[in-house]
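[1] What follows is a protein structure lacking sequence information:
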Ligand SMILES: Nc1nc2c(ncn2[C@@H]2O[C@@H]3COP(=O)(O)O[C@H]4[C@@H](O)[C@H](n5cnc6c(=O)[nH]c(N)nc65)O[C@@H]4COP(=O)(O)O[C@H]3[C@H]2O)c(=O)[nH]1
């Protein structure tokens, strides 16, 4: 808009609706991705526009809102040249930009994860929606006077505008927020579109809410809301439980569960992950007392995040646990994903320090990252965990079904022990065993369980 108004104002050779000015309006409108048209307004009448000179002036009505900078906004205008469409008009210094009313949310089309809704508080209709917008959010937000909430997956916020008679709703998956908000608010802000500004407000509410998810998580770390479950790892030939993977859980006081793949990235981005890893390790050390009494050779796998691999803190924590607890180095298996290794520049050093303490290290979710092979040759691992997505291809004709053979062969040639993840059928278990995979975990054998259940099931 700035560019269009400046260009039109600085062209002083002709009157506001002269042919040359209309040609300039047309060029400016055509070169913009977001403006449907540009026009000249006097006393609430559109006299001419990039569509030409309007023999009969078009009445626009009074603006709905005048901004602090003097911009006059008309939120819902029908123009005779596009009868079935509703436009948003922003007038500045006599010139007006014509924007399709849904444009403010159309810019989100390329991002299916972001859900947007614009609700008319006058007609009580959802004027527009994008992404997996859940109308139930409207009821929940209006019941709580538009206080943003986190439903375990999405952070949802609303921003009402009495002047425009709308409420904009924005919802973003908790783990994807920060960079997108910055990018989208910039884009919407530069449009200067009124409904865009309301959507922008909703997005900022969402961003603020993310910080409150951090504070919720921070206090949860001090309570039993954060706890561990254990998924057994079996020996494929004997089906004996030889170890378990510790998986963190967060249950809110209202009984709702928040998934680790949602809150771990939030903990990583908001500087809480080290505190969380420490809490996880202390809980595992505590839980291991009962487990090791039943089977002193049992191993417990723990996931590491990229930030854990950036400093020596993890080494100090492990040393403390080994010195003061029941755990021995050979009871532990630390799991790092390719994704975390990619982020951690010091990973090589930290992983080799962990191994020199006698603790085994696994590469987790193998094959789902970017440069898997280079990790296998540059870093030393003891175990390779085959990701569930490859196990799922066993017995199918999918294009990637042969990849699992190569992963197994590669691990064998590097003398790594293999654990297959996400085994759900007997057919998959038999296939893996026949191809030399020693260990597996998955719902076929057991789902993640509380430590008391694990202890009950371990054979002496
Ligand atoms: N459909 C299906 N799913 C199965 C089956 N067997 C296991 N799973 C699920 O697959 C995930 C395996 O964990 P992961 O790959 O380490 O992936 C983990 C890990 O990356 C992360 N995570 C979990 N706990 C921790 C933790 O304590 N610390 C860190 N840094 N990350 C964790 O969150 C991810 C998700 O964990 P969960 O939701 O617990 O989900 C777990 C587990 O419950 C199966 O047969 N079928």
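    Yep, that arrived. All values reported here derive from a predicted model rather than from experimental measurement.
[2] what are the ranges of the helices in the stretch 351-460 of the chain?
    Using DSSP state H, counting those that start in this stretch, the helices of the stretch 351-460 of the chain run over residues 372-378, 388-391, 403-413, 426-434, 451-457.
[3] deepest of those helices, which one?
    helix 388-391 (a mean of 19; mean count of other Cβ atoms under 10 Å). Yep, even glycine has a C-beta here, placed from its N, CA and C like the rest.
[4] Now do that one: which elements does it pack against?
    Helix 388-391 sits against helix 403-413, with contacts defined as 3 or more Cβ pairs under 8 Å, 6 or more residues apart in numbering; DSSP states H and E.
[5] can you tell me the average pLDDT over whichever strand or helix holds residue 83?
    Using DSSP states H and E, residue 83 falls within strand 82-92. The average pLDDT within strand 82-92 is 81.
[6] Report all helices and strands that it contacts.
    strand 72-79, strand 95-100, helix 194-220.
[7] can you pull the buried residues of that strand?
    87, 88, 89, 90, 91, 92 (16 or more other Cβ atoms under 10 Å).
[8] What is the nearest of those residues to residue 281?
    Nearest to residue 281 among the buried residues of strand 82-92 is residue 88, at 54.1 Å by Cβ to Cβ.
[9] Go ahead and confirm the closest one touches residue 96.
    No: with contact defined as Cβ atoms under 8 Å, residue 88 and residue 96 do not form a contacting pair (10.4 Å).
[10] And for residue 362, nearest residue in space, chain neighbours not counted?
    residue 383 (3.6 Å; Cβ to Cβ, 6 or more residues apart in numbering).
[11] Run a quick neighbour tally on the one you found.
    Neighbours of residue 383 under the rule other Cβ atoms under 10 Å: 23.
[12] Go ahead and confirm it touches residue 420.
    No: using Cβ under 8 Å, residue 383 makes no contact with residue 420, being 11.1 Å away.
[13] re the thing from before, out of the helices and strands packed on strand 82-92, name the one with the poorest average pLDDT.
    Lowest mean pLDDT within the helices and strands packed on strand 82-92: helix 194-220, a mean of 66.
[14] Counting neighbours, what do you get for residue 324?
    Neighbours of residue 324 using other Cβ under 10 Å come to 9.
[15] Near the ligand, which residues of the protein are found?
    231, 246-248, 259-261, 264, 280, 303, 305, 364-365, 421-422, 424, 441-443, 448 (Cβ under 6 Å from any ligand atom).
[16] let's go with 8 Å and repeat that
    The chain comes close to the ligand at residues 228-229, 231, 245-249, 259-261, 264, 273, 276-277, 280, 302-305, 308, 335, 337, 340, 364-365, 385, 387-388, 421-424, 441-444, 447-448, as judged by Cβ under 8 Å from any ligand atom.
[17] Buried by neighbour count, from the residues you listed: which ones?
    228-229, 231, 245-246, 248-249, 264, 273, 276-277, 280, 302-305, 308, 335, 337, 340, 364-365, 385, 387-388, 421-423, 441-442, 444, 448.
[18] quick one: pLDDT of the residue nearest to residue 362?
    96.
[19] Now do the contacts for it.
    333, 360, 361, 362, 363, 416, 417, 418, 419 (Cβ atoms under 8 Å, 6 or more residues apart in numbering).
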